[in-house]
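>>> pasting the structure only:
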């Protein structure tokens, strides 16, 4: 009897000790990362008396301090005759207030890209600007002088007035090292995370464009891509969608779309219906979209298959506003919903929260003797952006987009996804080894990718510079299905990493 009583006391003591140590783990602080999104427009003077090429940009910048920023941006043609020209680049800039509302914004954008048979050379370009802006509290308007130059054997050089709108977009972060730590809701109630949550969703999908009118009429273009939704409330959201062709036509087609939608939940939130309307740019791969503007009405239905994971079916249209190019679109996707940055929600009751790691890397990549459709292979370089979402402490899902900037292939671009794994850090937690396998759509610039499907495995080293910054390098192989591209590559890049709080029901 005494022996049994002693055993029970021992078990109870162990259980209480476990609870004590679990509960005593310090909850990571919430740190606000300020930043802003930007949409801008510039009319570019083209050579040989060609009509102006109108470019529209989509950017996101984080504030380094109260006067400087760093970020990434895309440009796409939306006017002229070069529909299908896209670029990716880095933004570096400063903002100084003249008065409480009036400010000066100056900086430079460096990137790569091209397309639509434009005289873009290797694709590398610079785009400095100096603008005057006015802060309307919830948004700012800017306008001023800019200059664009495709300097790597390109023939596009233009001075122009630009205009833009900036919208504050900030988010909460914690140290990347907290990735995969889990806490109960009652523990989080006494922390800095006790505030309203924000909802996001990320979808990887396969889409199809049945061409009803225009280039490739009667054929079906197979696309792969992603879609990011950010919610204003339980029903309204805005989205960013990007796709690239991997089958059905000559490689090189892609589109990038922005829009808004309405979300209707039913069946105890297990089934959703989403209505969306978007506008953006698209073209390439022999698809004539004229100036490049596309509109995108769409209706989709989603069904929960596991926790926050849904299977999505969509049906819609993608077309130019004047119906020069008209397609019927349909596709299948896998979507993951995230309630982040807080524990309070009107529509959900959470039980715990887990910190998830995010890593964004901007890198320069070298393909050795990249095989061409015509002529011998020669080295090609491209600027790349990769985003890793950590599924647990070591495994991650990855998405990458790249645009050529040196080597005479300015119209070449990639949009690929896959999985990777990162080792436990060594050498005083400063160094890790990673390997990943990516695949997806690629083409343009005379690079021989057949109809556009490539695979891209690699292995690399990650070195920690600071809490948020890292230096990454990798070597790998890229091969195409149906094309001659079959070569090795290496890259070097700078990564920005953090963790965020993701809530679970």
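Okay, I see it. Every value quoted in this text rests on a predicted model; they were computed, and no experiment measured them.

>>> low pLDDT regions in this structure?
Applying pLDDT under 70 to the chain flags residues 1-25, 347.

>>> That one: helices as residue ranges?
In the chain, the helices defined using DSSP state H lie at 2-24, 185-188.

>>> what packs against the last one?
Using 3 or more Cβ pairs under 8 Å, 6 or more residues apart in numbering; DSSP states H and E as the contact definition, the elements that helix 185-188 packs against are strand 352-370. Placement of C-beta: from N, CA and C, glycine included.

>>> Output the contacting helices and strands for the strand it packs on.
When contacts are defined as 3+ Cβ pairs under 8 Å, 6+ apart, strand 352-370 sits against strand 182-184, helix 185-188, strand 378-390, strand 395-406, strand 469-480, strand 486-504.

>>> I'd like the distance between the residue nearest to the spatial centre of the chain and residue 167.
For the chain, the residue nearest the mean C-alpha position is residue 387 (6.5 Å; Cα atoms, centre = their mean). Distance of residue 387 to residue 167, given as Cβ to Cβ, to the nearest Å: 21 Å.

>>> Next: residue 71.
Distance of residue 71 to residue 167, computed by Cβ to Cβ: 13 Å.

>>> So between these two, which is more surrounded?
Higher neighbour count among residue 71 and residue 167: residue 71, with 22 against 11, using other Cβ atoms under 10 Å.

>>> give me the number of residues near the closest residue to the more buried one other than its chain neighbours?
Excluding the flanking residues, the one nearest residue 71 by Cβ to Cβ, 6 or more residues apart in numbering is residue 61, at 3.1 Å. For residue 61, the neighbour count with other Cβ under 10 Å is 23.

>>> partners of residue 61 in the sheet?
residue 36, residue 71 (DSSP bridges).

>>> In this model residue 149 seems to touch residue 157, though I could be wrong.
Yes. Using Cβ atoms under 8 Å, residue 157 makes contact with residue 149 at a distance of 4.7 Å.

>>> could you measure the residue lying closest to residue 470 once chain neighbours are set aside against residue 230, distance?
Excluding the flanking residues, the one nearest residue 470 by Cβ to Cβ, 6+ apart is residue 495, at 4.2 Å. With distances taken as Cβ to Cβ, residue 495 is found 23 Å from residue 230.

>>> If you count surrounding residues, which of these two has more?
residue 495 (21 against 13).

>>> Residue 204 bridge partners, please.
Per DSSP bridges, the residues bridged to residue 204 are residue 226, residue 334.

>>> Who are the contact partners of residue 176?
357, 359, 467-468, 497-499 (Cβ atoms under 8 Å, 6 or more residues apart in numbering).

>>> Drop anything exposed from the residues you listed.
Buried subset of these (neighbour count, 16 or more other Cβ atoms under 10 Å): 357, 359, 468, 497-499.

>>> which one among the residues you listed gets closest to residue 296?
residue 359 (29.7 Å; Cβ to Cβ).

>>> Can you get me a residue count around the nearest residue to residue 246 once chain neighbours are set aside?
Distances taken as Cβ to Cβ, 6+ apart place residue 441 nearest to residue 246, at 4.0 Å, with adjacent residues excluded. Residue 441 has 29 neighbours, counted by other Cβ under 10 Å.

>>> which residues touch the residue nearest to residue 470?
Contacts of residue 495 (Cβ under 8 Å, 6+ apart): 359-361, 462, 469-472.

>>> isn't the residue nearest to residue 71 right next to residue 93, touching?
Yes. Between residue 61 and residue 93 a contact is recorded at 7.2 Å, counting by Cβ under 8 Å.

>>> anything in contact with each of these two?
Common contact partners of residue 61 and residue 93 (Cβ under 8 Å, 6+ apart): residue 69.

>>> who's in contact with residue 371?
377, 447-448, 483-487.

>>> what separates it from residue 37, distance-wise?
Distance from residue 371 to residue 37, by Cβ to Cβ: 38 Å.

>>> Also residue 450?
Counting by Cβ to Cβ, the separation of residue 450 from residue 37 is 36 Å.

>>> wait, doesn't residue 239 sit right on residue 229?
Yes. Counting by Cβ under 8 Å, residue 239 touches residue 229, with 4.7 Å between them.

>>> Mutual contacts of the two, please.
residue 261.

>>> can you give me the strands for the stretch 101-250 of the chain?
102-114, 125-135, 140-149, 157-168, 171-173, 182-184, 198-213, 220-231, 236-247 (DSSP state E, counting those that start in this stretch).

>>> Would you mark the buried spots in the third one?
Buried residues in strand 140-149, counting neighbours by 16+ other Cβ under 10 Å, are found at 140, 142-144, 146-148.

>>> again, but for the fourth one
Of the residues in strand 157-168, those buried under the neighbour-count criterion (16+ other Cβ under 10 Å) are 158, 160, 162, 164-166.

>>> Tell me what residue 489 is bridged to.
residue 367, residue 476.

>>> Next, the contact list for it, please.
Counting by Cβ under 8 Å, 6+ apart, residue 489 has contacts 365-368, 458, 475-478.

>>> one more time with 10 Å
365-368, 370, 380-382, 456, 458, 474-478 (Cβ atoms under 10 Å, 6 or more residues apart in numbering).
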